[in-house]
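Asker: Predicted model, plus sequence, below.
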Amino acid sequence: MHGITAEVLSKEEISQIHQAALEVLKDPGVKIEHEEALDILNRAGAEVDQAKQIAHIPSHLVEYALNHAPRFMTVCGRDPKYDLKSGTGEVHFSSGHGATFVLDFDTGERRPATKKDLENVTRLHDALENTHFIFPQIYPQDVSTRALDRHISQALLSNTEKPCVATAYDGKGARDLIRMGIAIAGSEEALRRRPMFTVSLGAVSPLLFERDRVDVLLEICRFGLPFQVYNIPSAGGTSPATLAGTLVMAVAELLAGLILTQLVKPGVPVRLEGYASIMDQKYSRFTFACPEKALMAVAQAQMFRHYGVPHGIHGATTRANVLDAQAGYETGILDMFTALSGSELVIEAVSSGIEDTVLSVYEQAVINNEICGMVNRILRGIEVNPDTLALSVIREVGPGGEFLTHKHTLEHFKLENWDAKLGNRMARDEWVESGALDIRARAREEVKRILATHHPKPLDTNVQRKLAQIVEEAEGSL
Amino acid sequence: MKTIANSVIEGEKEKVRELVQQAIANRVSADKILSEGLIAGMNVVGGKMRKHEVFLPEVLLSAGAMQAGMDLLKPLLATGEVSLGPKVVLGTVKGDIHDIGKNLVGMMLTGAGFQVVDLGKDIPAERFVQATKEEEAQIVAMSALLTTTMPEMRNTIEALKVAGLREKVKVIVGGAPVSPEYAAQIGADGYGRDAAVAVDKVRELVGWQL
């Protein structure tokens, strides 16, 4: 089985982008709004301007980081069957993140998202078989901003047994998150051994690392939990309009983040995540739903494979404002292409987000789950061996016969054929008889069924109390 | 009888054979074995097929198991101990050699207790007429896969009329390009989109069910 991996860059081009990124790290370097982090870089050999908060990073630090960063990374499920392992060659799919609005499931009204919505959509992802990793799909608008990160982490960790990306906005938030993790795992050691979440640091393009987020990096990496570094350069806005230039900058930023993690704690597992996309110059807004992003997805995956670090690529998104055909074709094409990039993790693949991730629509997650099933089958490729070549079967059946009743069919069809769950495969008359439901209506039924019946194993009441206490403290103390 | 039915559902041919033999030896009536064992099992399979809860190769496995049981009951047919359902004359129409779907319908009808006279494929209208007469069939079931051979179904219905048989039989049609509208248009009595639904339709048309 050969499998399929798309490539858009030649070996020579990978090397050109890498060399250019090394140049960028040296000059102009990166801005890090964090004295301690700059000191760490300085001690390791970077030329640092503390007044301007700029670090000029030499190439040998890139080598150092790539030598120390592990190839493998595991984020654990509360249930081990959900452990998310990188470096296995398998492609995994994650939920989306960051929606601030939801389409109310009962009223159809577009309204600010609540913590309850986050709990519900997390529970939905817990049930969807193609969601392997759960980001905060929703940022609740009904809780105070000073404890927002704690609320998000609490809602995530309480409503799924799958591995998650928890949230911490500053150093204190990171320490609180670690406390939550210890409460769930039982001890510091148990948390380190089986971390059920990771945390992300977003570099701000171009070439900037914010103080509070660097604090999070220091806390999480020092404790020894897996970490993620991402960035969202938009070509023509926060990065060069040329895709190659955007790739250079994207890679430079991620390498800078990686270097910092490995200087803070050599060997801490880190995933690099690429979200590079474009600025739409006609509607003057950033968009994720464009063919340029698909190309850069493949290119970034090639770069990450070249570096040999765990990685993920942001995949399916749509700029559509309603669940229409545009929502379907944009997410479908981006999902497929990103999965073909050879990335280990397709981020946002099972997202409930439309409007470029701003609006969460429950049905969209269920539809994307179906798309991922189809994509996954394509990735599995074609198995060729004497049994599957079926020469003796072809001879047995002979010209004019049929294979339907042959034992070989019975033995193989289930493994070969993907079983569509949601997409229509009925002939028209049956479809009409069954109520003539379109994909959205069928997805709606599925959401209804899951939310009514699916309940992941709850955390211990003791643990629940501890998490609630951590959230309350944060509400009060800040 | 329940275990026979279950073995049919599971598609366990050998087990069905064994159990039917045992039942015959224990002097269970062939009628009972057929209706409460074999056909009861196939009814469950048909129901699942209709709801798309089983896959076709699994249905066929069950049909094969059912057939194995039927074969053992056949000697008892002659003695009149078994009361089978009405006769169905079945075939793929003239010019069309696609018979997988037609065969499926045949298996499922057999599985439901109907007596199926399968004429085969590429069957001209006159053969349908002749068989209907000779077999005293109550149902004529036709299949076509090609849009180009579909009109042959209409020709067959016309031929049945000319022969004075149209009022004596129910006509059911099916095949990929056929629709309920088309069936009505050519004067058929029913349409089955798949083998499970075809059985339902035939049962409904003749008002017979085991």
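Answerer: Thanks, I have it. Numbers count the residues shown, from 1 in each chain, chains lettered A, B, ... in the order given.

Asker: In contact with A:His97, which residues are there?
Answerer: A:Phe135, A:Pro136, A:Gln137, A:Val165, A:Glu348, A:Ser351, A:Gly353, A:Thr357 (CB atoms under 8 Å, 6 or more residues apart in numbering or on different chains). Where you see a C-beta, it was placed from the backbone N, CA and C, and this is true even at glycine.

Asker: ok, now which ones touch the third one?
Answerer: This means A:Gln137. Contacts of A:Gln137 by CB under 8 Å, 6+ apart are A:95-99, A:118, A:121-122, A:125, A:351-353, A:360, A:365.

Asker: so what's A:Ala244 scoring on pLDDT?
Answerer: The model reports A:Ala244 with a pLDDT of 98.

Asker: Can you tell me the element it falls in?
Answerer: Applying DSSP states H and E as the criterion places A:Ala244 in helix A:243-264.

Asker: what lines up beside the next helix or strand after that helix in the sheet?
Answerer: Next helix or strand after helix A:243-264 toward the C-terminus (DSSP H and E): strand A:270-274. Using DSSP bridges, the strands paired with strand A:270-274 in its sheet are strand A:227-231 (parallel), strand A:311-314 (parallel).

Asker: so how far is the last one from its chain's centroid?
Answerer: Taking the mean of its C-alpha atoms, strand A:311-314 sits 6 Å from the chain's own mean (CA atoms, centre = their mean, to the nearest Å).

Asker: same thing with the first one?
Answerer: Relative to the centre of its chain, strand A:227-231 is centred 10 Å away, using CA atoms, centre = their mean.

Asker: Just the CA trace of stretch B:111-118, in CSV.
Answerer: In CSV, the C-alpha atoms belonging to stretch B:111-118 read as follows (Å, rounded to 0.1, in the frame of the first residue of the first chain):
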residue,chain,number,x,y,z
GLY,B,111,-37.2,-16.6,0.9
ALA,B,112,-40.7,-15.2,1.5
GLY,B,113,-42.3,-18.5,0.4
PHE,B,114,-43.3,-17.5,-3.2
GLN,B,115,-42.9,-20.0,-6.0
VAL,B,116,-40.5,-18.3,-8.4
VAL,B,117,-40.2,-19.3,-12.0
ASP,B,118,-37.1,-17.6,-13.1
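
Asker: can I assume A:Ala297 is in contact with A:Gly315?
Answerer: Yes - counting by CB atoms under 8 Å, A:Gly315 is a contact partner of A:Ala297 at 6.9 Å.

Asker: Which of those two has more residues huddled nearby?
Answerer: Legend: neighbour count by other CB atoms under 10 Å in any protein chain shown for A:Ala297 and A:Gly315, higher for A:Gly315 (32 against 28).

Asker: between the helix holding A:Ala244 and strand A:270-274, how many degrees?
Answerer: 160 degrees (axes from the mean of the first three to the mean of the last three CA atoms, to 10 degrees).

Asker: Walking through the stretch 351-478 of chain A, point out its strands one by one.
Answerer: A:353-354, A:359-360 (DSSP state E, counting those that start in this stretch).

Asker: meant to ask about chain B
Answerer: B:87-93, B:115-123, B:139-143, B:170-174, B:190-191 (DSSP state E).

Asker: Name the residue most distant from the centre of chain B?
Answerer: Distance from the C-alpha centroid of chain B peaks at B:Asn26, with 29.4 Å (CA atoms, centre = their mean).

Asker: Could you tell me which residues make contact with it?
Answerer: Taking CB under 8 Å, 6+ apart, one finds nothing in contact with B:Asn26.

Asker: From chain A, how far off is it?
Answerer: 31 Å (CB to the nearest CB, to the nearest Å).

Asker: what pLDDT does that residue get?
Answerer: 94.

Asker: now the one 3 residues further on
Answerer: The model reports B:Ser29 with a pLDDT of 90.

Asker: Setting aside sequence neighbours, what's the nearest residue to residue 82?
Answerer: No chain was given, so I picked chain A. A:Lys162 (4.5 Å; CB to CB, 6 or more residues apart in numbering or on different chains).

Asker: Chain B is the one I meant
Answerer: B:Val82 sits nearest to B:Ala30 (CB to CB, 6+ apart), 4.6 Å away.

Asker: now do A:His125
Answerer: A:Thr131 (4.2 Å).

Asker: thinking again about what came up before, most neighbours per residue, which of the strands paired with strand A:270-274?
Answerer: Across these, averaging neighbours per residue (mean count of other CB atoms under 10 Å in any protein chain shown) puts strand A:311-314 on top, at a mean of 28.

Asker: so where's chain A shaky on pLDDT?
Answerer: Across chain A, the ranges flagged by pLDDT under 70 are A:1-2, A:478.

Asker: Please name the residues that touch B:Leu146.
Answerer: B:Leu146 neighbours (CB under 8 Å, 6+ apart): B:Gly95, B:Asp96, B:His98, B:Pro177.

Asker: excluding its backbone neighbours, what's nearest the first one?
Answerer: The shortest distance from B:Gly95 to any residue other than its chain neighbours is 4.5 Å, reached at B:Thr149 (CB to CB, 6+ apart).

Asker: same check, this time on the second one
Answerer: What sits nearest to B:Asp96 in space, not counting adjacent residues and going by CB to CB, 6+ apart, is B:Thr149, at 3.9 Å.

Asker: so how far is chain A from that neighbour?
Answerer: For B:Thr149 relative to chain A (CB to the nearest CB), the value is 17 Å.

Asker: Ok, B:Ala30 next?
Answerer: From B:Ala30 to chain A the distance is 26 Å (CB to the nearest CB).

Asker: Hmm, B:Ile24 and that residue touching each other?
Answerer: Yes - applying CB under 8 Å, one finds B:Ala30 in contact with B:Ile24, separated by 7.3 Å.

Asker: what sits in contact with each of the two?
Answerer: B:Leu73, B:Leu76.

Asker: Report the contact partners of B:Gly85.
Answerer: So B:Gly85 contacts B:Ala112, B:Gly113, B:Phe114, B:Gln115, B:Val206, B:Trp208, B:Leu210 (CB under 8 Å, 6+ apart).

Asker: By neighbours, which of these wins?
Answerer: B:Phe114 leads the contacts of B:Gly85 on contacts (other CB under 10 Å) with 26 neighbours.

Asker: Could you check how far the closest residue in space to that one that isn't next to it in sequence is from B:Lys74?
Answerer: Using CB to CB, 6+ apart and skipping residues adjacent in sequence, the residue nearest B:Phe114 is B:Gly85, 4.3 Å away. B:Gly85 sits 15 Å away from B:Lys74, taking CB to CB, to the nearest Å as the criterion.

Asker: what residues are up against A:Pro70?
Answerer: A:Gly267, A:Pro269, A:Val309, A:Pro310.

Asker: Quick check: of those, which lies closest to chain B?
Answerer: Using CB to the nearest CB, A:Pro310 is the member of the contacts of A:Pro70 that lies nearest chain B, at 38.0 Å.

Asker: check contacts around the closest one.
Answerer: Contacts of A:Pro310 by CB under 8 Å, 6+ apart are A:Pro70, A:Arg71, A:Phe72, A:Met73, A:Ser86, A:Gly87, A:Pro269, A:Val270, A:Arg271, A:Leu272, A:Glu344.

Asker: ok, now A:His306?
Answerer: A:Ile14, A:His18.

Asker: The same query, at a cut-off of 6 Å, please.
Answerer: For A:His306, the contact set (CB atoms under 6 Å, 6 or more residues apart in numbering or on different chains) comprises A:Ile14.

Asker: Thank you kindly, that will do.
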